[in-house]
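[1] Sharing a model that was predicted from the sequence below.
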Amino acid sequence: MNSEVCVVFVSLPRDEARNMAKALVENRLAACVNILPRIESYFTWEGRAEFDEEALLVIKTTPARFEALKGYVEENHPYELPEIIAVPVTQGLSEYVAWVKKESVSEA
């Protein structure tokens, strides 16, 4: 990714959304996480059509923090195969982009 900021989408059970969002921000893996509390997901899993009601996390972070964020989600997500999709931000309010970069840094 060549952008300074990316948006990451993660779907998960509704009752897990707040805890995951809070942990991502508190661990400085993301500057901000929006929770879309009610989405309906239709998908194929192990050869069968499935349906689930979930929440969607819309996570703002930097490409430099993506691998750590992905690792955290993989380790703490209840699904065997979690949705983790990153999209580069190519345009944005410069002050907001700067804030995301400032807040999504490792404390190390």
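    Cool, got the structure. The structure presented is a predicted model; accordingly, all values stated were derived computationally and were not measured.

[2] From now on I want contacts and neighbour counts done on CA atoms only, so please keep to that.
    Will do.

[3] and residue 91, helix, strand or coil?
    Assigned by DSSP: H, G, I helix; E, B strand; the rest coil, the conformation of residue 91 is coil.

[4] who's in contact with it?
    By CA atoms under 8 Å, 6 or more residues apart in numbering, the contact set of residue 91 is empty.

[5] gap between it and residue 3?
    Counting by CA to CA, to the nearest Å, the gap from residue 91 to residue 3 is 9 Å.

[6] Residue 67 too?
    Counting by CA to CA, the gap from residue 67 to residue 3 is 15 Å.

[7] Could you give the bridge partners of residue 8?
    Residue 8 has these beta-bridge partners by DSSP bridges: residue 59, residue 86.

[8] Run through the helices of this structure in chain order.
    14-26, 63-76, 94-103 (DSSP state H).

[9] Nearest to residue 49, out of the ones you listed?
    Among the helices of the chain, the nearest to residue 49 by CA to CA is helix 14-26 (20.4 Å).

[10] Distance to residue 50 and mean neighbour count added to the helices of the chain, as CSV?
    CSV is the format used below for the helices of the chain (distance: least, CA to CA, whole Å; neighbours: other CA atoms under 10 Å):
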stretch, distance to residue 50, mean neighbour count
helix 14-26, 17, 16
helix 63-76, 21, 17
helix 94-103, 35, 15
